[in-house]
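Undergrad: build the 3D model from these lines:
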Amino acid sequence: MTPKLTLTHVLRRSLIHRRARSLSALIALTVSAGVATALLTLYADLDQKLHHEFRSFGANVVVSAPKGSSGIDAPAIAKARQTAGPEATLAEFAYAVATTDRNTPVVVAGVDFPAIHKLDSWWQVASWPTAPDAALLGQRAAGFVADEHAVKLTFAGKSATFTGSGRVKTGGDEDSRIYLPLAAFTAWTNVSPSVLELQIPGSAAQVESTIDRLRTALPGLQVEPVRQLVEGESRIVDKTHALMFGAVLLIALTVAVSVLATLSASVLERRRDFALMKALGGSERQMMSLFLLETLLLASGGVALGYFVGSALAWVISEANFHTATLPRIQVLPLVLVLNLLIAALAALFPVQVLRRLEPAALLKGE
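TA: Numbering: from 1, shown residues only. Down below sits the predicted model:
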């Protein structure tokens, strides 16, 4: 029997006739490849998806007029919008303290409802107003008026009636306010916007850079970040990165231990086969090549199966947590292949050392 036929026969016997061992190693390597594929696929979109989620929490930068000023004029608002960039969301706020028909003082805000809807999508609003004279009442502010369908307000001796168009509930100060369309509010009170809330996408460094540009472009206005949101976003993104890397390393180590146990048991079972090959003239290099080839075949098979399993897992996780699908990324396949081959190679080191110490004569005698 030629060495080539011997190698082929032993390899086929190992993979087919010892199915339990091969299947165990294949499953472990498939799990490793699947988890690595899922985490690397999610990691590729992680920053974008987390930043998208944080954008639903509201503004991360506030521009306000100094006390005693007449507000923020239209050119300054246009400059702020231009400086923040096309990806940023900007909402104007104008405030006044009016009196209801129950003689109750209430804060009234003039806003752009479409911009607020986009900026503060977390607000609990059944139906966003669209009418030019609509009034959106805070959950507590609704009790300040006699008729929430016909909201009568007075400011500086000038009365106006607005059509109640629903309620807003946030659990914060917004619940005690009444919101009006900015055009109707300005026509009634002649008060200009005094606050601009911006949601600037990107990392903490990108947000800080935009804040610096805004301060330069708007020297007469106060530009401040919402620190809790900006710093919280940065910490969560960094911790999620570390968690994903840690998960990949931990799973890789666990799989390596499992594959090591499987390969070691396989070598012990086939000591006579390897001893026979060595007695027939097979070299140590041939035997180790056979064993490593078997391991690499299992690792490659695990990658092929794990890529599809991991891509599906990433899609499910993304849909469940971010409500957007993460599509398979072929770019992660080489990384997963390298990881699985590395795990298989490291796991094969101990069994290979066992092969090198085999004594054919002693084994064939049954010792």
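
Undergrad: contacts, neighbours, all on C-alpha from now
TA: Noted.

Undergrad: ranges for the helices of the stretch 51-200 of the chain?
TA: Secondary structure of the stretch 51-200 of the chain (DSSP state H, counting those that start in this stretch): helices at 74-84, 113-119, 182-189.

Undergrad: got TSV for the ones you listed, with mean neighbour count and distance to Leu333 too?
TA: Formatted as TSV, those follow (neighbours: other Cα atoms under 10 Å; distance: least, Cα to Cα, whole Å):
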stretch	mean neighbour count	distance to Leu333
helix 74-84	15	37
helix 113-119	18	37
helix 182-189	18	52
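
Undergrad: by mean pLDDT, show me the worst of those.
TA: Among the helices of the stretch 51-200 of the chain, helix 113-119 carries the lowest mean pLDDT, a mean of 88.

Undergrad: elements contacting it?
TA: If contacts are counted by 3 or more Cα pairs under 8 Å, 6 or more residues apart in numbering; DSSP states H and E, helix 113-119 sits against strand 89-100.

Undergrad: thinking again about what came up before, and the helices of the stretch 51-200 of the chain: which comes nearest Thr170?
TA: helix 113-119 (13.1 Å; Cα to Cα).

Undergrad: point out where the stretch 201-350 of the chain drops to low pLDDT.
TA: 227-241, 252, 260, 263-291, 321-325, 350 (pLDDT under 70).

Undergrad: try 50
TA: 229-230 (pLDDT under 50).

Undergrad: how about the strand or helix carrying Glu319: buried residues?
TA: Assigned by DSSP states H and E, Glu319 belongs to helix 284-322. Neighbour-count burial for helix 284-322 flags 284, 286-288, 290-292, 294-318 (criterion: 16 or more other Cα atoms under 10 Å).

Undergrad: what's the end-to-end length of stretch 95-113?
TA: End-to-end distance of stretch 95-113 (Cα to Cα, to the nearest Å): 15 Å.

Undergrad: can you list the neighbours in contact with it?
TA: 91-94, 128-130, 141, 144-146, 151-156, 176-186, 189, 191, 193-194 (Cα atoms under 8 Å, 6 or more residues apart in numbering).

Undergrad: name the nearest residue to Asn60, ignoring sequence neighbours.
TA: Spatial nearest neighbour of Asn60, chain neighbours left out: Val226 (4.8 Å); criterion: Cα to Cα, 6 or more residues apart in numbering.

Undergrad: ranges for the helices of the stretch 201-350 of the chain?
TA: 204-217, 227-269, 271-279, 284-322, 332-356.

Undergrad: Ala345 - how many residues pack around it?
TA: 19 (other Cα atoms under 10 Å).

Undergrad: which residues touch it?
TA: Per Cα under 8 Å, 6+ apart, neighbours of Ala345: 292, 295-296.
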